[in-house]
Every structure is written in C-alpha cells, then in structure tokens.
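*Asks:* Let's see this in three dimensions:
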Amino acid sequence: MNNIKLNVGAWKYFHTEALLDGTVKIEGVDASFESGKIISDIFERMVRDKAYDVAELGLTFYLRMLEQGDTSFIALPIFPNRQFRHSAIFINTASGIEKPEDLAGKTIGEFGLYGHDAGVWPKGILSDDFGVKPEQSRWIIGASDWYMPPFDFVPQPHPDDVDVRPVPKGKALGTMLENGEIDAFISAHAPTCIVNGSPKVARLFPDYESVERDYYQRTGIFPIMHTVVIRKDLLEKHLDLAQAVYRAFCESKDIAMEKYRTQTVRQNMEAMMPWFTPLFEKNRQLMGDDWWPYGIEANRKTLDTFLRYFYEQGLSKHLWTCEEIFVPELFRT
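*Replies:* Model (predicted):
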C-alpha cells in the first residue's frame, strides 16, 4: 500500500484516542476521522450514504444490512464498544415489577429500534436466565428524553407474534416511564429521570454491578455492541489493508490499557475518580489483564451468543456465523 486515503467514522473513546489524534497511524494509510453528535449518526451515514471507507457500526445494524443482501462492507474483529447490560433495564416503581419474570405482560420501551445493540443482549439474557420471552410483552420504540421515531435507515423486522409500535408523536420514553405510561424501558442511554434520582423509576437490578460480575463469572461473556466495517472493494485493491487497520486499532487500545496500568503508580489522580485504582485491580482479578480483547477467538463465545440472540429474536432469517461476517484474513486473530 502506498499512503492511500481513507475516511474513517469512529467515536472518540479512551481506547481509540491515540488513533484519532494521530499518535497511532494506520500503516500505508492517510486517514481522516469523523464522528457525530451521537454514535448512531455514524451508523446512519455509513448505512444510508456509504459515507466512510471504514466505520464503527453497531452489530445489529451490520447484520440487518447483510440480511437484506447488502455486502458492500465487511467487519473486522474490532470491538470499540462493549457494555454489560443488566444495568440497561429500567422500571416504573408502581408497575408491579419486582423481579425479571414480572416483565411478562408489561409494556416496555426500547431505544431506537426493536433490537438495538443494547436491547438484543438484555432480551437474550432475560430469555436464557429467567424464561422471559420478547413475545410476552408489548414494545414501544423511541428515544430516552426527546421525541424520535424509530430509526428509518435500517430494516426493522420482528416476529408476527411480537407487538411492536412506534412511540406516540411528541413523546419521550423516559418521560413515559416516569409517568407510568410504560412499565419498563431498555436503553443504552439512561433516561434523565434515572440520572436525576426520581423515586418513580428504578433499575430492574438495583445492585447491577454484582449481578453483572456474577454473569461474567458464570459465562465469560463481556457483551459486544459495536464492530468496525470496511468497504470490500478496498480490500480487493489493497490486500494488506484489513491487517493494517486491525493492527492500528489494537495498538491504540493497547496504549489505553497501558495508561491504566502505569497510572496506578500515581493512584490514577488524572481520573478525578476516588478509588479508581482498587476498581482497576478488582476488574483485572476477575477479567484478566486484557478484558477488552479484539480478534475472533478471544470473543467467539460472546459473538456466537449475540448471533444466536439475533436469530432467536426474529431479527434474522439465518443464523449467522463468525466466518460469514468477518474478513477471512483475520479469522485466526
């Protein structure tokens, strides 16, 4: 490769910062980076306009494109966003929901679309661990604190036996939750009523950290939300490009991890977070030195679980495999 130009859409996380600020270079590439007001802006521009050569993309958005036969881009096993999601389930305290099983028969809001990345995981966990199926509830799709109809730039399939409707015009799901118009809400974005400590709302799992740590200890799964995709026509012209992009994202992440490690010497005083160092050590004890791995093999169980959930929830007609959705050059990572 000879300094090819790439337009990259990516969010600025701590672990991508070295890449976005130029500290880390993609070998043989002159890269320019763009972001958005919210992460879904990048998704929309990539899906609707093919605006980037390389872009961060939610797993569910990527799979929906594959389902409709759009194979213009393919994923690299880079996972810039992952979160435990027991903490993403919010309830109205007057709804009668005291345990996960009580969600059956309730009306539940969901952010963005039925089966967004932070929705596929909780639904799958509720089904696997508590026997609660999506078809047992009613679903309303919108945004947390402002009116937003469901995303219109990707297909939104759902099984016929699942009741899914758009949010009423002018309504926000966080407000509806606080007012008791919906019983629960699943969202990557905590609604303002939760952040402000309204007594009318709570989390389904109040001690979610302990629940999520137990989940990881039982399963070894640290849920993946997003991947990185690249235009397939570029890979045909530049055979080493997939490896180069992968290595650069890995290097940027490794720099962030090393900062965490070296800053423990100074008790992480840069973080403005008391007791950050013991939290860091607690996480290392549970999850190992690299709790945020890239590559397929270190993430195969997590990826296979997401793909199963995506299929079981009626979001795909086909049970996808890792070998079908990632570039062949990186199968052994």
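*Asks:* From Glu44, how far off is Asp21?
*Replies:* Note on Asp21: its distance to Glu44, by Cβ to Cβ, to the nearest Å, is 25 Å. All C-beta atoms are positioned from the backbone trio N, CA, C, and that covers glycine.
*Asks:* out of those two, which sits in the more crowded spot?
*Replies:* Using other Cβ atoms under 10 Å as the criterion, Asp21 and Glu44 rank with Glu44 on top: 17 against 11.
*Asks:* Which neighbouring elements make contact with whichever strand or helix holds the more buried one?
*Replies:* In this structure, Glu44 sits in helix 39-49 according to DSSP states H and E. Helix 39-49 is packed against strand 4-9, strand 54-58, helix 59-67, with contacts defined by 3 or more Cβ pairs under 8 Å, 6 or more residues apart in numbering; DSSP states H and E.
*Asks:* and the ones you listed, which is most packed in?
*Replies:* Looking across the helices and strands packed on helix 39-49 with neighbours counted as mean count of other Cβ atoms under 10 Å, the highest average goes to strand 54-58: a mean of 26.
*Asks:* could you check the angle helix 59-67 makes with it?
*Replies:* Strand 54-58 and helix 59-67 meet at an angle of 100 degrees, taking axes from the mean of the first three to the mean of the last three Cα atoms, to 10 degrees as the criterion.
*Asks:* quick one: average confidence on strand 54-58?
*Replies:* Here the mean pLDDT over strand 54-58 is 97, rounded to a whole number.
*Asks:* Neighbouring strands - and their directions - for that strand?
*Replies:* Strand partners for strand 54-58, identified by DSSP bridges, are recorded as strand 4-9 (parallel), strand 226-231 (antiparallel).
*Asks:* Now do it and helix 39-49, the angle between them.
*Replies:* Using the same axes, to 10 degrees: strand 54-58 against helix 39-49 is 110 degrees.
*Asks:* Where does the prediction get shaky in the stretch 101-250 of the chain?
*Replies:* The model of the stretch 101-250 of the chain has no residue with pLDDT under 70.
*Asks:* Show me where the stretch 151-300 of the chain has its strands.
*Replies:* When assigned using DSSP state E, counting those that start in this stretch, the strands of the stretch 151-300 of the chain occupy the ranges 163-166, 184-186, 201-203, 226-231.
*Asks:* Export stretch 309-324 to PDB, keeping only CA atoms.
*Replies:* The C-alpha atoms that make up stretch 309-324 are tabulated as PDB, following Å, rounded to 0.1, in the frame of the first residue of the first chain:
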ATOM      1  CA  TYR A 309     -29.900 -14.000  20.200                       C
ATOM      2  CA  PHE A 310     -30.300 -12.000  17.000                       C
ATOM      3  CA  TYR A 311     -31.700 -15.100  15.300                       C
ATOM      4  CA  GLU A 312     -33.900 -16.200  18.200                       C
ATOM      5  CA  GLN A 313     -35.500 -12.800  18.500                       C
ATOM      6  CA  GLY A 314     -36.600 -12.900  14.800                       C
ATOM      7  CA  LEU A 315     -34.200 -10.200  13.600                       C
ATOM      8  CA  SER A 316     -32.600 -12.600  11.000                       C
ATOM      9  CA  LYS A 317     -33.900 -15.500   9.000                       C
ATOM     10  CA  HIS A 318     -30.400 -17.000   9.000                       C
ATOM     11  CA  LEU A 319     -28.200 -17.900  12.000                       C
ATOM     12  CA  TRP A 320     -25.000 -16.100  11.100                       C
ATOM     13  CA  THR A 321     -21.500 -17.400  12.000                       C
ATOM     14  CA  CYS A 322     -18.300 -15.500  12.700                       C
ATOM     15  CA  GLU A 323     -16.800 -16.900   9.500                       C
ATOM     16  CA  GLU A 324     -19.600 -15.300   7.400                       C
END
